[in-house]
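In: Please work out how this folds:
(2 chains)
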2 protein chains.
Amino acid sequence: MNPDPISLSLGSLTTVGVIVVIALIAIAMALRFRAEVLRARTGTEAMDEVAGAVQEGAAAYLRRQLRTLGVFAVIAFLLLLLLPTHGAEGTEGMLLRGARSVAFLVGAAFSGLIGYLGMWLAVRANVRVAAAAHETGRDPAMLIAVRTGACVGMATIGFGLLGAGAVVLLFRGNAALVLEGFGFGAAMVAMFMRVGGGIFTKAADVGADLVGKVEQNIPEDDPRNAATIADNVGDNVGDCAGMAADLFESYAVTLVAALILGRAALGEAGMVFPLIVPAIGVITALIGIYLTTPKKGQSALTTIRRSFLLSAIVSAVLCSIAAFVHLPASFSALGIEDASAAIDDPRIVAAGAVVIGIVLGIAILYLTGYYTSTEDRPVRQVAATSRTGAATVVLSGFSLGLESAVFTALVIAAAVFGAFLLGGAGVTGLFAIALAGCGLLTTVGVIVAMDTFGPVTDNAQGIAEMSGDVDGEGAQVLTELDAVGNTTKAITKGIAIATAVLAATALFGSYTDAIRDVLGDRYQDFLAQSVVFSPQTLVGVIIGAAVVFLFSGLAISAVGRAAGAVVYEVRRQFRDIAGIMEGTAKPEYGKVVDIVTRDSLRELATPGLLAVAAPIAVGFGLGAPALAGYLAGAIASGVLMAILLANSGGAWDNAKKIVEDGHHGGKGSAAHEATIIGDTVGDPFKDTAGPSINPLIKVMNLVAVLIAPAVVGMSALSGQADPLRYAIAAVAILAIAVAVTISIRRGVVLETEDDLEAVDAQGS
Amino acid sequence: MNPDPISLSLGSLTTVGVIVVIALIAIAMALRFRAEVLRARTGTEAMDEVAGAVQEGAAAYLRRQLRTLGVFAVIAFLLLLLLPTHGAEGTEGMLLRGARSVAFLVGAAFSGLIGYLGMWLAVRANVRVAAAAHETGRDPAMLIAVRTGACVGMATIGFGLLGAGAVVLLFRGNAALVLEGFGFGAAMVAMFMRVGGGIFTKAADVGADLVGKVEQNIPEDDPRNAATIADNVGDNVGDCAGMAADLFESYAVTLVAALILGRAALGEAGMVFPLIVPAIGVITALIGIYLTTPKKGQSALTTIRRSFLLSAIVSAVLCSIAAFVHLPASFSALGIEDASAAIDDPRIVAAGAVVIGIVLGIAILYLTGYYTSTEDRPVRQVAATSRTGAATVVLSGFSLGLESAVFTALVIAAAVFGAFLLGGAGVTGLFAIALAGCGLLTTVGVIVAMDTFGPVTDNAQGIAEMSGDVDGEGAQVLTELDAVGNTTKAITKGIAIATAVLAATALFGSYTDAIRDVLGDRYQDFLAQSVVFSPQTLVGVIIGAAVVFLFSGLAISAVGRAAGAVVYEVRRQFRDIAGIMEGTAKPEYGKVVDIVTRDSLRELATPGLLAVAAPIAVGFGLGAPALAGYLAGAIASGVLMAILLANSGGAWDNAKKIVEDGHHGGKGSAAHEATIIGDTVGDPFKDTAGPSINPLIKVMNLVAVLIAPAVVGMSALSGQADPLRYAIAAVAILAIAVAVTISIRRGVVLETEDDLEAVDAQGS
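Out: Model prediction:
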């Protein structure tokens, strides 16, 4: 590990140059798809009015959120400048620190930009989808939704590849350190956008449902409900902007891990091949996108599955060819004599690892589809339990989530283990795991395209409902597409969390590398203390798993609190504005948007702080072995919790759709009410807490990598007390404690004066 | 570690002899409390009739369950005979294997016996509590409930201490290996009783509620509901028998861990001191029990807290004195020159560790009390969210559970880390952790007494309701006691899972010890591969965490399935037996009991098999380092999941009680309905899946310890393929796959012909 600085050969530089060009082509294609979407006809005047309000609200929220994040980014930028690097000293070290901090800002900016662009287009696409469903039927409507996704997908992979490629071109042998900054920036912004957007979307959704469907008994998206515009804004800032930033981050961090380990495992070749794989992904994503042409009489899910499968197979073939062309036939030809790989042929190891990643993507696609689609047995059974009431719906959906989480986690674990068997116990094994991640990345283009589908059709349905201009077949089309959207959203989350496991496992290599550089001979002590059964490591595992639980709990209760505020505002409007119920007066949509904006920005601070401060507290407080255990615990409980939340939420949503489709009593029946309760429980599960866990894991991982040199530099292993070390840990713990206390003290859902009095009176 | 065989000195033997006498005294006290309970007056004729039916049903279930377990026990007995031991060869090894297998049977028998006795007395106590509440008021009623608990508590600790003490007396230096068998037997039977009893109690409860409260709108425990007797039987076989077996197992396994490590850390003294601590616990438990005298105007929870606290403080003082009397002033006086402890004074280390355990017990008591009692803010807030419907109740209770799980897990982790800091990185550190577990054990007597309280008062309320002979103040008394029971039950689960973490962490010492014995020089390779960031270990962590999720999911869905059968039977009786609703005809209670008995025995097979087979699959399939990671993952996700499930369930139950007490609209309001849904969701959380996780972790841990010599004996580390090894793993995986598939295929809740048709029709 840690070979001499590498100056890339001309051949390699040319290859990377070509890859950068491919990245630019992807961005150009994104612009092309964007134009295609914008060319489509917008809807009726009523539709345009609704869409305009949504556009305005979404843009306002995102601008405020990005401004808030800007402050965080500047602080992180300065802290990064202070953190020591490893493997480079003196002026070079200073320069690298500066470059790493700048790369952090670039990663953060790209992540925010992708999110903003995704949202910008989605709010324009949804009215066009609604119009197309109304005027020309399912297939053209689906095409616009798919093209919107294609634009976001191409932009995601284009910018990711561009950023990583540019860093390699500029910094070559030193790219690893700079890439850590790039990945951290991308992950941090993605996490905040996931959490903030997730709270926004579900606070509005749950709030709207609680007052609308439950109290006033008016349908979803009814224009008399003051929270409907906020609900539609939420779909865009959460599911679109948050998701795009999240997948960009997955892309960036996985590439970062692969490039860092590639350099250590294979030298120069290892810094180029990980870029070739996603570059091939750009091409196959385009194939996949063009293949997603809706066919008459074929369900939308089948269409999506088919194009995913085809582009995955093409990727596997092309990547294997690339491995055989680009890599030599033996490790010794690369100047590596002690490779740990099972087979002394880097071509087979690399091709095998990439194929493992691609197969993993396909497995997740089918597993998640099976557990969340309306067509398969599990969700149909959850729908059937609605006959015995809401409790059984909640229980059956929850145990479905638990089971599906286990199977998905086992598939991911099998991929890690398979890549590890190929690459062996050393750095080659970690590189193989990172390459499996790159294989998974080749599917991201299609995945983003599929996922954007969800919120766009959801919004289209909302606009149609609110404008009152779509009915009959058009409405039926939008409902069907919406149900497919629920499944594609769950699949995306499964793939995203898989990238987190692969990238995080591989990034452990960077973590130990940084520690080895600082500790030198004492590295053996670190290893001895890091065995999984050492009590300090085990305590780290428990704390890491606990932080994921706490993060999830905070995110879910934040939605409850923000939704409570929505409930009160909508109730107030029903009471104070005469004529809303009769349709003679309009509710003040903007007020609700403002409230949700304010609350979600306030609520995202605690989970965000927890993600950054918890590894600092564990690392400086309990030492580097405990921090390693912490990351392992967070990965294990993170992957399970993320899929549990995503799949149970998706299943509840689609169980409701099954009942609404006329089964078990249909709309308005007791069974329908039971599934609405299930769906509401699932809302913050699947759209707030669940999807935030992927960037959470990566943020914590990268924080650990970044602080590792400082942690071990401060006698973390010698057992000597270092006041500064404990002071840092104490500050981190204090910050978490204060933030968590403030969040919890805010109370759950009901917090007007009246209610607090009621709650207090009852206790005395 | 692994000193020469120790022949205990006469002084030590005398001490152990005295401890065995104390154990016998505890058993005698149990008999005395039993007599005291049985002396109390039984109720009216109507009450006796109900109680008789409950007694009959409970005894019939438990007999059938123990017979089923007998078959499992014989199989495990034979397999244990085949498994190689470590550290003893030839004839001695053969003899030890035989003794270990016999100890397994004894541990299993004790566990089953305690459960049976606990149930036997509880079904006789509840009618007496009901009668006392009716005739003489709260305090005498509470006293009978407390005395019932006292009997079970004394029996639990008496038999636990007797078993461990007898093994030490008989096997002395070789006690460790035999104790592994004893602990495994106790844990296996406890797990089955927790799972089976948990499925029984909640299938009956949920089934009764779904038809009674939800469909027919008749109150809980209404005699017209055919499932009420089954519901009451369930409280006894689940909460009483299961809980008693579970705590006995916690007691036994913690002692086993402490004795094994004590021998390794301190030699002879280390095999006696861990027995002294729980012997002191017998005395302080008696103090605590006699202190639990209800006082007028003081809430029952306050009484319980006070007596717990006092007995804990007395334990801490007496144990510290014992440490200073029994242990020498320095490790070298024990012949140990390389102790890793922070302080070279075994007295301080031992006393400190025990006190850490006792403080941990107090911390869990207060934390759990805060999160689940009707008097504190969290549950009151969950109750308040009932105003916005069932979904917010479920969400707020779930996030309460997540938060409380995190804080409890952090407290437990802090105790592990504190003991580790005292004892250092070597075996002394592990021994200190085990001693903290022993400290926690000193509170078990009071804990069992507190916990038995719950089901007894719950049943008393049921009997009162069904007989119709208690009303007014008597009913109010029983309701208040029932709410306190919900909190004490949650506390017990918190303490039980804490013992699991402490024992499991300490037992890692046995695991590595067994591996070291077999591997010799190659032990370093094992250590190098067991670092937490090695991919194979990390994969183990993920699988371990996943198995806890799968186990929970299976337990929860088993309840759903069994409850479905109850719903159909009760509906059938309402339909087929004329006059039930009018009270002119009696439902066939026995039929429902039979159905639930059959279903729970069928359903417990899969989770039980999973617990035993999963570590075998991981160990033989992926090797010893992965198995170590597996255990760490299971511990981390197990502690969080167990507390999440226990506390959210307890909080929902008590939120319902708050509403029933007249808040937020009171009985019959929409808020009440919302909390009933929350409570029903919580039922399988808190009484089936949650409490089974504690014995699950211990079973998996002991399986790992037992198979470790075989796993590493079969070239697990050399990387050579051993066909037998993979064949064993394949059989284990196949067994799990078949069992899980059968369970899942059974379908959720609704599985009559009609419903399946409906479900299938909808898919086509």
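
In: rest of the way, CA atoms for contacts and neighbours
Out: OK.

In: Show me what residue of the stretch 251-400 of chain A gets nearest to chain B.
Out: Nearest to chain B, among the residues of the stretch 251-400 of chain A, is residue A:399, at 4.5 Å (Cα to the nearest Cα).

In: Relative to residue A:328, how far out is the spatially most central residue of chain A?
Out: In chain A, the residue lying closest to the centroid (Cα atoms, centre = their mean) is residue A:246, at 3.6 Å. As judged by Cα to Cα, to the nearest Å, residue A:246 and residue A:328 stand 35 Å apart.

In: cool, and residue A:569?
Out: With distances taken as Cα to Cα, residue A:569 is found 66 Å from residue A:328.

In: neighbour-wise, which of the two wins?
Out: Set side by side, residue A:569 and residue A:328 show more neighbours around residue A:569, with 20 against 15, by other Cα atoms under 10 Å in any protein chain shown.

In: what helix or strand does that one sit in?
Out: Here residue A:569, judged by DSSP states H and E, is contained in helix A:535-576.

In: quick one: is stretch A:334-346 near chain B?
Out: No. Figure legend: stretch A:334-346 not in contact with chain B (Cα under 8 Å from any Cα of the partner chain); closest approach 10.6 Å.

In: what residues does stretch A:148-158 touch?
Out: The contact list for stretch A:148-158, computed with Cα atoms under 8 Å, 6 or more residues apart in numbering or on different chains, reads A:22-27, A:29-34, A:37, A:114, A:117-118, A:121-122, A:125, A:244-245, A:247-248, A:251, A:278, A:282, A:289, A:444-453.

In: Please pick the buried ones from those residues.
Out: The neighbour count (16 or more other Cα atoms under 10 Å in any protein chain shown) marks A:22-27, A:29-31, A:33-34, A:37, A:114, A:117-118, A:121-122, A:125, A:244-245, A:247-248, A:251, A:278, A:282, A:289, A:444-453 as buried among those.

In: What are the phi and psi values at the residue in the stretch 401-550 of chain A that chain B sits nearest to?
Out: Residue of the stretch 401-550 of chain A nearest chain B, by Cα to the nearest Cα: residue A:531 (3.9 Å). Dihedral pair for residue A:531: phi -60, psi 150, per degrees, to the nearest 10.

In: Against residue A:567, how distant is the nearest residue to it once chain neighbours are set aside?
Out: Spatial nearest neighbour of residue A:531, excluding adjacent residues (Cα to Cα, 6 or more residues apart in numbering or on different chains): residue B:531 at 3.9 Å. Here the criterion is Cα to Cα. By it, residue B:531 lies 50 Å from residue A:567.

In: can you list the weak-confidence ranges in chain A?
Out: Along chain A, segments meeting pLDDT under 70 span A:1-7, A:87-89, A:292, A:294-297, A:338-339, A:469-474, A:715-721, A:747-764.

In: residue contacts, the residue nearest to the centre of chain A?
Out: A:111, A:187, A:190-191, A:193-194, A:496, A:694-695.

In: Following element in sequence after the helix or strand hosting it, please.
Out: Residue A:246 is part of helix A:243-266 when elements are defined by DSSP H and E. Next along the chain after helix A:243-266, taking DSSP H and E as the criterion, comes helix A:268-291.

In: Quick check: next helix or strand after that next one?
Out: Following helix A:268-291 in sequence order, the next helix or strand is helix A:300-326 (DSSP H and E).

In: Could you give the separation of that following helix from the chain centroid?
Out: Chain-centre distance of helix A:300-326: 22 Å, with Cα atoms, centre = their mean, to the nearest Å.

In: Next: stretch A:723-741.
Out: Centroid separation for stretch A:723-741 versus its chain: 28 Å, with Cα atoms, centre = their mean.

In: Equivalent analysis for stretch A:117-125, please.
Out: Offset of stretch A:117-125 from its chain centre (Cα atoms, centre = their mean): 18 Å.

In: Only C-alpha atoms, please: export it in PDB.
Out: What follows is stretch A:117-125, C-alpha atoms only, in PDB (Å, rounded to 0.1, in the frame of the first residue of the first chain):
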ATOM      1  CA  LEU A 117     -31.500  20.900 -11.600                       C
ATOM      2  CA  GLY A 118     -33.500  17.700 -10.900                       C
ATOM      3  CA  MET A 119     -36.100  19.600  -9.000                       C
ATOM      4  CA  TRP A 120     -36.200  22.400 -11.600                       C
ATOM      5  CA  LEU A 121     -37.000  20.100 -14.400                       C
ATOM      6  CA  ALA A 122     -39.300  17.900 -12.400                       C
ATOM      7  CA  VAL A 123     -41.600  20.800 -11.500                       C
ATOM      8  CA  ARG A 124     -41.900  21.600 -15.200                       C
ATOM      9  CA  ALA A 125     -42.300  18.000 -16.300                       C
END
